[in-house]
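>>> how would this look folded up:
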Amino acid sequence: MKYTISVLVENEFGVLARVVSLFAGRGFNIDSLTVAPTSDSTVSRITLVTRGDEKILEQVSKQLNKLIDVVKVIDFTDGSGIEREMALIKVTAEDENRAEVLRLVDIFRAKIIDVTPKSYTIEVTGAPSKIDAILELLKPLGMKELVRTGTVAIGRGFKSWKV
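As a prediction, this is how the structure comes out:
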C-alpha cells in the first residue's frame, strides 16, 4: 500500500537524516521526498511517499513522534490531504507528432515552456495519477527527458498543524 506522510520538524541540522534513517532501518524505500520551510521559519515540512506494511508503518510513525525535533506527524493516506507533483518533460517535436503533443498538453492543462526546432519542454502539475497518465501518453511520441518533483501534500479545510 502507498502512504503519504507529512512530518513537521524543527529547522535543525541533521533532522532530515534522522527521519530518513528511521525508514531505512525498517526496510522502507522512499518513493518520493520533499522538504521545504513552512510559514513558520523555525519549522520545515518533510513529505514522504512510501509503500509497505501498515503495521510496520504505524511503528515508524510512533518512532517519528518520539524524535525530539519532530513537531507533528500527519498521515494523508486516508485521502484527508491534497497531493500534487510537478514534472518537466522534454519530448520530440517532429512534424508528424507536433499536433498530438499540443493536443495532450491542452487536455492535461499543461504548458509548453520551451520550444526548439526538434523538441518541446512541457510543464505539468497535478495529482501523481495525472502526471503518470500524461507520461504514459507521451512515451510513444518520443519522450527524451523527464524531471519529476516529489509529492507535496496539505490537509483539506482549515485544520491547523499547530500543536
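>>> what distance separates the longest strand along the chain from the centre of its chain?
In the chain, assigned by DSSP state E, the strand with the most residues is strand 81-92. Computed by C-alpha atoms, centre = their mean, to the nearest Å, the chain-centroid distance of strand 81-92 equals 9 Å.
>>> Buried residues in that strand, which are they?
Of the residues in strand 81-92, 81, 83, 85, 87, 89-92 count as buried by neighbour count, 16 or more other C-beta atoms under 10 Å. Quick note: C-beta positions are derived from backbone N, CA and C, even for glycine.
>>> which residues touch the least confident helix or strand in the chain by mean pLDDT?
Least confident helix or strand of the chain, by mean pLDDT, DSSP states H and E, is helix 54-66 with a mean of 84. The contact list for helix 54-66, computed with C-beta atoms under 8 Å, 6 or more residues apart in numbering, reads 1, 3, 5, 7, 19, 22-23, 26-28, 50, 70, 73, 75.
>>> do the same with stretch 88-101
Applying C-beta under 8 Å, 6+ apart, the contact partners of stretch 88-101 are 113, 115-124, 134-135, 138, 141-148.
>>> Could you do stretch 23-42 as well?
Residues contacting stretch 23-42 (C-beta under 8 Å, 6+ apart): 2, 8, 10-11, 16, 20, 43-52, 56-57, 59-60, 85, 149-152, 161.
>>> and the helix or strand residue 146 falls within with strand 81-92, angle?
Secondary structure from DSSP states H and E places residue 146 in strand 143-148. Per axes from the mean of the first three to the mean of the last three C-alpha atoms, to 10 degrees, the angle that strand 143-148 makes with strand 81-92 is 150 degrees.
>>> packing partners for strand 143-148?
Applying 3 or more C-beta pairs under 8 Å, 6 or more residues apart in numbering; DSSP states H and E, one finds that strand 143-148 contacts strand 81-92, helix 128-138.
>>> Out of the ones you listed, which is closest to residue 157?
Nearest to residue 157, of all the helices and strands packed on strand 143-148, is strand 81-92, at 10.2 Å by C-beta to C-beta.
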